[in-house]
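Engineer: Any chance you could fold what I've pasted below:
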Amino acid sequence: MQNSTWDASSVVEGIIELQHPLRQITVPRIIVIVAFLGLVRLRVTNLSLAIPAILLAAYHERTLYQKDGISTVKYSVVGLVIPWLLTFAYRLVEMRRRCRQLPGVPHSFLLGHIPTLARETMKFPRDIHNHVVMSHIADTYDLRKHGLFFVDSYPIMSEPLMVVVAPEVAAQVVQNQGEPFLKHPVLNADFGRAIGARGMVGQEGEGWKELRTMFNPGFSQANLMSMVPMIVEETAIFVNRLSKIAAGDGFIENTDSLAAAVTVDIIGQALLGVKFDAQTSSNDLVTSVVQASHLVKTYTNFDPERLNLWRYLRLRYHEAISNTKITEILSARWTELAAEPEKASSSSAIFDIAMAKYMKRGGSLQNGVTKDFLELMRDNVKTFIFAGHDTTSTIITYALWELSRHPDCLRQAREEHDAVLGTDPNEAGARLAANPLLANSLPYTTAIVRETLRLWTPAGSVRMAPKKGTTVVGLDGRTYPADNCMIWAAGLSGPGTGDAGDADYSCDDAAQV
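Structural biologist: As a prediction, the model looks like this:
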């Protein structure tokens, strides 16, 4: 009995004195703690399992420390590795079991879809857009008949990726009339630094509605028509740049960069009433936003560059530059409107209209711009610049490419322009600027844009199921599980490999829509 009492008191004493060795900060202990926090952050270890295991290991380390000097690291590592292995094994088996019978590329129980994804991705340049890769996979493995397919890349991704490749299936996700499919948190996690966490792209529910209410007047047809002369002026610079190239060797190294510059210049004036002059000179703000967008690695990238620390540092640098430049522009604009408040109500700039809405809700120009409103507008300026660079410029580029490959479509477009804008290209811009409503008389040109968007959709939406048990119906009539999935409604209706020779580029049908 006496020995039992002594043993119990020794255990209590050991627990009380447990803190003593842990106070000694050493490099190995720091490494173990950082590794533990990293695994929890990456969601590859279970916190509820790991903490008791770590404490148990620390207790054993303390009691044995007095006897034979066994190191802290040994038992701390045991406490870290065991729960990680249990968590990893459980999730691996669960993921492989779940995805094995779902539509997708050839599946390995050990490696999932990773080998096939790696093999198909390596067929393309490293900077290829993932829409192209996924569309290629859908065609190569005959997955379009399902309207969707699944990607199991655990542990690269902690959940399955459902890639939606048919509009009918995408409508169930993005146009759901019941409980909505919310935007996936990875959207802000990956794009937040490039476009701002409070930008419209990443907002949901009431926050999204508030931004729509604020910006909708700026995108009204009447306001957009008032911008046509400015758009014509900026487009004339774009056309002149293309004409100079055509007069030379005719080789364009990167059409997208030219299209992005004109798009950004138009957005700058439409949004802020500011000329960025991206087509004629270098602009730090535009460069930073564009570079940040290039550095973002999204949810579908299986690129080891995601782990590049230098990439993160460069992303933070460009984020700081763009934040500073936009803040300077917004503050200066606020000061200007405070001196002449009537400008806010008469201006066509979207930011000015948003400020007018802000004042109607109780804001005051004289009291200065609030930090919250400034951050909100800053993030949305970045969003609009990013959207223009990454989507509109892409469509301009693909439209020019498709017209070069379909001379009959090009001929019909030119005939329409001659009929509506006149046969002299030098006078067409002036005529359109004088009468912006002429843009509504170009149905075939509008059809070209629609058909290009159908074949070469530049953006999608990433969502998650609203609750457990949510399903999506494929084109084959089967019901597929959507819960605990990252759902990428990519809009991949067109050819994926870039070899669109057999694609039906039918602008006549689109003109009837």
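Engineer: Count the residues that sit near Gln203.
Structural biologist: Neighbour count of Gln203, defined by other CB atoms under 10 Å: 21. All C-beta atoms are positioned from the backbone trio N, CA, C, and that covers glycine.
Engineer: quick one, strands of the stretch 301-450 of the chain?
Structural biologist: Along the stretch 301-450 of the chain, no stretch is classed among the strands by DSSP state E, counting those that start in this stretch.
Engineer: where exactly do the helices run in it?
Structural biologist: Along the stretch 301-450 of the chain, counting by DSSP state H, counting those that start in this stretch, helices occupy 309-339, 342-346, 350-360, 371-387, 393-405, 407-421, 425-434, 443-455.
Engineer: Sort out which residues of the fifth one are buried, please.
Structural biologist: Using 16 or more other CB atoms under 10 Å as the test for burial, helix 393-405 gives Ser393, Thr394, Ile395, Ile396, Thr397, Tyr398, Ala399, Leu400, Glu402, Leu403.
Engineer: now the helices of the stretch 301-450 of the chain in JSON lines, with distance to Ala489 and mean pLDDT?
Structural biologist: Shown next, in JSON lines, are these (distance: least, CB to CB, whole Å; pLDDT from 0 to 100):
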{"stretch": "helix 309-339", "distance to Ala489": "26", "mean pLDDT": "84"}
{"stretch": "helix 342-346", "distance to Ala489": "38", "mean pLDDT": "68"}
{"stretch": "helix 350-360", "distance to Ala489": "27", "mean pLDDT": "76"}
{"stretch": "helix 371-387", "distance to Ala489": "17", "mean pLDDT": "84"}
{"stretch": "helix 393-405", "distance to Ala489": "18", "mean pLDDT": "90"}
{"stretch": "helix 407-421", "distance to Ala489": "28", "mean pLDDT": "94"}
{"stretch": "helix 425-434", "distance to Ala489": "35", "mean pLDDT": "91"}
{"stretch": "helix 443-455", "distance to Ala489": "15", "mean pLDDT": "90"}
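Engineer: from the buried residues of helix 393-405, which is closest to Lys468?
Structural biologist: When these are ranked by distance to Lys468 (CB to CB), Thr394 comes first, at 36.7 Å.
Engineer: list the contacts for the closest one?
Structural biologist: Thr394 makes contacts with Asp256, Ala259, Trp456, Pro458, as judged by CB atoms under 8 Å, 6 or more residues apart in numbering.
Engineer: that older thread, what two of the buried residues of helix 393-405 have the greatest distance between them?
Structural biologist: Of all the pairs that these form, the one spanning the most space (CB to CB) is Ser393 and Leu403, at 16.0 Å.
Engineer: returning to what we had before: nearest to Ile237, of the helices of the stretch 301-450 of the chain?
Structural biologist: Using CB to CB, those put helix 425-434 closest to Ile237, at 10.9 Å.
Engineer: Go ahead and flag the most central residue of this protein.
Structural biologist: For the chain, Phe191 is the residue whose C-alpha lies nearest the centre (CA atoms, centre = their mean; 4.9 Å).
Engineer: OK, contacts around the residue nearest to that one when sequence neighbours are not counted?
Structural biologist: Distance criterion CB to CB, 6 or more residues apart in numbering; nearest residue to Phe191, sequence neighbours excluded, is Val296 at 5.9 Å. If you count contacts by CB under 8 Å, 6+ apart, Val296 has them with Asp190, Phe191, Arg193, Ala194, Leu315.
Engineer: 10 Å instead?
Structural biologist: Listed by CB atoms under 10 Å, 6 or more residues apart in numbering, the contact set of Val296 reads Asp190, Phe191, Gly192, Arg193, Ala194, Ile195, Arg311, Leu315, Phe386, Asp390.
Engineer: swap in Phe351?
Structural biologist: Going by CB under 10 Å, 6+ apart, Phe351 touches 214-215, 218, 270-274, 329-330, 333-334, 337, 344, 377, 380-381, 384.
Engineer: measure Asn484 to Glu451 for me?
Structural biologist: Note on Asn484: its distance to Glu451, by CB to CB, to the nearest Å, is 37 Å.
Engineer: what about those two, which has more around it?
Structural biologist: Higher neighbour count among Asn484 and Glu451: Glu451, with 26 against 15, using other CB under 10 Å.
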